[in-house]
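Novice: Sequence isn't available, so here's the structure alone:
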């Protein structure tokens, strides 16, 4: 069967990705800067992301699951699996393709019983998500483990919250309490909280991909992903007619409309209905009516040259798109679906 090219594409700027990592590396000071490439590289394609970051100098990569680690195994990278090691994971974990980040006493005992080996450990300093307790650590839970990195995770780094300092102090107090070679606390937002937060290794995610978890990043990082969608039809909607489900938009005058092959199944959510924009050169073209699962209507009165088969750029500048849609920058990135042809430029 002859394959056809998809009507959606995601242009990925490899230079911007590498430059973002270099900027985060500089902000990390004396700490080593790693990279979170979980959720398929935040939706951009983990292998492509990791390959380019490794070429830029990154040496530490973080995924969520062993399936994600297996997908990166051919690249021969230093990978840590943040969700640890379930009983079902032990077979692949013992192959040595990645290190588990042990999160619970059961995981710790499971790893020890299997003969141990290099691992990382997550300790909970107040987020109450994953991680062993500081009480269990003090009681000797981690004795005998070969710990590469002791880590914790900030709950409120994107805010100026008092909890940040409490977590930093609690984590700093663990220095020397284990045989861990390194300590790691800061995510993207945590890096710009200052040198007290960077310890030995930072683990940025969102900012690598052009997201701005804190305002400090607006002048530092560049967008990496640019969605584009192809025009399926150009039509004229007469005055008084409506567009889309539930007829939420009514034409105030005869209106030129382009129907694009993109919708909420592709991560362009209903929150963009009557609020989002596409771009054609310098023209900003408004979304008209409801975003459908697979289709989107755009007003093209200001773009006479647009016709079937043309490509429009979807305005997905992350901070602005999050404000418009009500979704977080993380959700917007990681929801970009499998129907995009991903093209590194």
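Specialist: Alright, I've got the coordinates. Everything quoted here is computed from the prediction, not taken from an experiment.
Novice: so how many other residues sit close to residue 127?
Specialist: 15 (other CB atoms under 10 Å). Every residue, glycine included, has its C-beta placed from N, CA and C.
Novice: oh sorry, the question was meant for residue 239
Specialist: Counted with other CB under 10 Å, residue 239 comes out at 10.
Novice: Report all helices and strands that the longest strand that the chain contains contacts.
Specialist: Ordering each strand of the chain by length in residues (DSSP state E) puts strand 225-237 first. Judged by 3 or more CB pairs under 8 Å, 6 or more residues apart in numbering; DSSP states H and E, strand 225-237 is in contact with strand 8-12, strand 255-260, strand 311-314.
Novice: Settle this for me: residue 268 is touching residue 321, isn't it.
Specialist: No. Residue 268 is not in contact with residue 321 according to CB atoms under 8 Å; the separation is 9.3 Å.
Novice: list the residues that contact both of the two?
Specialist: Counting by CB atoms under 8 Å, 6 or more residues apart in numbering, the common neighbours of residue 268 and residue 321 are residue 276.
Novice: Which one's more surrounded, those two?
Specialist: residue 268 (28 against 22).
Novice: and that one, what pLDDT?
Specialist: Here the pLDDT value assigned to residue 268 is 97.
Novice: Tell me who's in contact with it.
Specialist: By CB under 8 Å, 6+ apart, the neighbours of residue 268 are 227, 262, 276, 291, 296, 314, 316.
Novice: As CSV, these with secondary structure and pLDDT would be great.
Specialist: Below are those laid out as CSV (DSSP: H, G, I helix; E, B strand; the rest coil; pLDDT from 0 to 100):
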residue, secondary structure, pLDDT
227, strand, 98
262, coil, 98
276, coil, 97
291, coil, 98
296, strand, 98
314, strand, 97
316, coil, 92
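Novice: would you list the residues you listed in a markdown table and tack on neighbour count and distance to residue 120?
Specialist: Listed next are the contacts of residue 268 as a markdown table, based on neighbours: other CB atoms under 10 Å; distance: CB to CB, whole Å:
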| residue | neighbour count | distance to residue 120 |
| --- | --- | --- |
| 227 | 21 | 34 |
| 262 | 29 | 39 |
| 276 | 23 | 40 |
| 291 | 26 | 41 |
| 296 | 28 | 43 |
| 314 | 24 | 38 |
| 316 | 25 | 33 |
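Novice: Setting aside sequence neighbours, what's the nearest residue to residue 170?
Specialist: Leaving out its chain neighbours, the residue that sits closest to residue 170 by CB to CB, 6 or more residues apart in numbering is residue 125, at 4.4 Å.
Novice: which residues does the one you found contact?
Specialist: Here residue 125 is in contact with 131, 134, 152-153, 166-167, 170-171 (CB under 8 Å, 6+ apart).
Novice: now residue 195
Specialist: 29-30.
Novice: at 6 Å what do you get?
Specialist: residue 29 (CB atoms under 6 Å, 6 or more residues apart in numbering).
Novice: That one and residue 137, how far apart?
Specialist: Using CB to CB, to the nearest Å, residue 195 is found at 24 Å from residue 137.
Novice: what's the closest non-adjacent residue to residue 204?
Specialist: Using CB to CB, 6+ apart, the nearest residue to residue 204 is residue 188, at 4.2 Å.
Novice: got it, and residue 12?
Specialist: In space, residue 12 is closest to residue 344, 4.8 Å off (CB to CB, 6+ apart).
Novice: Please pull up the helix or strand immediately following the longest helix seen in the chain.
Specialist: Longest among the helix segments of the chain by residue count, using DSSP state H, is helix 14-27. Using DSSP states H and E, the helix or strand that follows helix 14-27 in sequence is strand 32-33.
Novice: quick one: strands adjacent to that following strand?
Specialist: strand 201-202 (parallel) (DSSP bridges).
Novice: What lies in contact with the partner strand?
Specialist: Contacts for strand 201-202 (CB under 6 Å, 6+ apart): 28, 31-34, 182, 184, 186, 191.
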